[in-house]
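Student: need coordinates for the following:
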Amino acid sequence: MTLRVALDARALDLPYLRGQGIGRYTAGLLEALGPLSRERGGELVVMRTGGALSPFASDGAGPRGEAWRMWRPQLPEWLALVCEPPLLRWDLHRTRAQVLHSSSIYRAVPAPGRPSVVALHDVIPLQYPDDYLRTGMRYRLMYAAARRADLLLTVSQQARKDIVAHLGVPPESVLVVPGAAHRRFRPSPRHKDLLGQLGIIKPYVLYVGGLAERDPRKGVDDLIDAFAAWTAAGERPETLVLAGHLGAAAGRLQERARRSGARILFTGFVPDEQLPALYSAAICLVTCSRYEGFGLPALEALACGTPVAAYRVGAHEEVAGPGALLVDEAKTDALMLAVQVVADHAEVRARLAAAGQDHAARFTWRRSAELTWEAYERVADRGHAGLR
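Tutor: Okay, the predicted model is just below:
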């Protein structure tokens, strides 16, 4: 029997997810899943509420792929949460899919009426409840959907460990399907014009991430302060470049940077097509994040031959591996010393760059798609040992 899977790809339609890790992961996986589903003799239905309907071909569908437009009324969030389960079940009935893959926990429902695979990149709200658990109903429904899914797909062994610990689900119900850097991420010499357009003067250290909303886990405030202290104490020539969407939270960060007197530049959003050049010209990628379930910017930087400086937390060791200098959490002086080692020692920088590129090459979207399709096949038989 042909395996027919519905992939709920609304992570690509939601502004607060599209440019973040969940959206980028969904886009990379979808690009590889289309061809793979055809190779495996299956059928993939990609469900979206907006954006391009066709994930496979310009005319709307590929040989064994379809696109499905999901209709959702404009409702207050609490009412949308109530209406989502019956609407999703109706979509699944009409698509005739045997398996549902929810690419984001934010739109998963506890009982979709089909065997379900749910992507859960982390459980950060449960790990840091004082910072994130402010909307109880939303999170209760999310985690109810996760606990009742046939399989959970997550992005790293560290995330898997945290999911099992905080959700209380069996370890065998959580599979690791890591992300990967897109093939465009490789060393790029084409950075002169881009740096000129953005007003960047070398040498610089780079941070890549969303700056639109305040996220206490990311530690951007700490990064600004640490960089300012480091450059002032040592009369360093570097600039800190912060690349990412600017929003309400960015004004506070920009004012903090201005008061510091340090050379700090906010570029705003940089398109994916230009990011390889931005990574390639940087001394290193730096982050003060106190937890990452994966950390795609680190992998993208390594693929471009750019070392990483970060805290030894979350999945940093797993994802950045030999291409990173990692220090103990919250030791900002040690973090900036790691940046200094990379900046001042060409042989260290070259060693990290070479090891990082080799490491990043082991992560591919093709392999991620293969693991995902195997998960579909596993849950298609609801009587599979170990499930439910």
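Student: point out where the stretch 251-388 of the chain drops to low pLDDT.
Tutor: 382-388 (pLDDT under 70).
Student: quick one: the helices in it, in order.
Tutor: 275-280, 296-303, 316-320, 332-344, 346-360, 365-380 (DSSP state H, counting those that start in this stretch).
Student: tell me which of the ones you listed sits most buried.
Tutor: The highest mean neighbour count among the helices of the stretch 251-388 of the chain, using mean count of other CB atoms under 10 Å, belongs to helix 296-303: a mean of 27. In short, each C-beta sits where N, CA and C put it, glycine included.
Student: what is the orientation angle of that one with helix 346-360?
Tutor: 110 degrees (axes from the mean of the first three to the mean of the last three CA atoms, to 10 degrees).
Student: what's the angle from the helix or strand harbouring residue 31 to helix 296-303?
Tutor: Residue 31 is part of helix 21-39, with elements assigned from DSSP states H and E. Helix 21-39 and helix 296-303 are oriented at 70 degrees to each other (the same axes, to 10 degrees).
Student: name the residues that touch helix 21-39?
Tutor: By CB atoms under 8 Å, 6 or more residues apart in numbering, the surrounding residues in contact with helix 21-39 are 5, 7, 9, 11-12, 14, 17, 43-44, 46, 55-56, 62-65, 103-104, 106, 119, 121, 155, 177, 179-180, 182, 293-294, 296, 365-366, 368-370, 372-373.
Student: which among the residues you listed end up buried?
Tutor: The neighbour-count test (16 or more other CB atoms under 10 Å) marks 5, 7, 9, 11-12, 14, 17, 43-44, 46, 55-56, 62, 64-65, 103-104, 106, 119, 121, 155, 177, 179-180, 182, 293-294, 296, 365, 368-370, 372-373 as buried among these.
Student: the residues you listed in strands, which ones?
Tutor: Of the positions in those, 5, 7, 43, 44, 46, 65, 119 sit in strands, assigned by DSSP state E.
Student: any idea which of these is least confident?
Tutor: On pLDDT alone, residue 65 ranks lowest of these, at 63.
Student: tell me the contacts of residue 375?
Tutor: Contact partners of residue 375, counting by CB under 8 Å, 6+ apart, are 117, 151, 153, 175, 177.
Student: where does the residue nearest to residue 144 when sequence neighbours are not counted land on pLDDT?
Tutor: In this structure, residue 144 finds its nearest non-sequential neighbour in residue 110, 4.4 Å apart by CB to CB, 6 or more residues apart in numbering. Looking at residue 110, its pLDDT stands at 92.
Student: so which of the ones in strands among the buried ones among the contacts of helix 21-39 comes closest to residue 329?
Tutor: The shortest approach to residue 329 among these belongs to residue 119, at 26.6 Å (CB to CB).
Student: the closest one and residue 278, how far apart?
Tutor: From residue 119 over to residue 278 the distance is 28 Å, taken as CB to CB, to the nearest Å.
Student: what do you get for residue 3?
Tutor: Distance from residue 3 to residue 278, by CB to CB: 40 Å.
Student: ok, residue 369 next?
Tutor: Shown here: residue 369 relative to residue 278, a distance of 27 Å by CB to CB.
Student: how many other residues sit next to the residue nearest to residue 19 when sequence neighbours are not counted?
Tutor: Nearest residue to residue 19, sequence neighbours excluded (CB to CB, 6+ apart): residue 245, at 5.9 Å. Residue 245 is flanked by 18 other residues according to other CB atoms under 10 Å.
Student: helix or strand: which one has residue 184?
Tutor: Residue 184 is located outside every helix and strand, with elements delineated by DSSP H and E.
Student: now do residue 200
Tutor: Using DSSP H and E, residue 200 is not contained in any helix or strand.
Student: thought it was touching residue 241?
Tutor: Yes: if you go by CB atoms under 8 Å, residue 200 and residue 241 touch, sitting 5.8 Å apart.
Student: any shared contact partners between the two?
Tutor: Counting by CB under 8 Å, 6+ apart, the residues touching both residue 200 and residue 241 are 265, 267.
Student: neighbour-wise, which of the two wins?
Tutor: Ranked by neighbour count (other CB under 10 Å), residue 200 and residue 241 place residue 241 first, with 25 against 20.
Student: looks to me like the more buried one is in a strand.
Tutor: Yes: judged by DSSP: H, G, I helix; E, B strand; the rest coil, residue 241 forms part of a strand.
Student: may I have the beta-bridge partners of it?
Tutor: For residue 241, the beta-bridge partners are residue 206, residue 265 (DSSP bridges).
Student: and it, what does it touch?
Tutor: Counting by CB under 8 Å, 6+ apart, residue 241 has contacts 198, 200, 204, 205, 206, 207, 265, 267, 278, 282.
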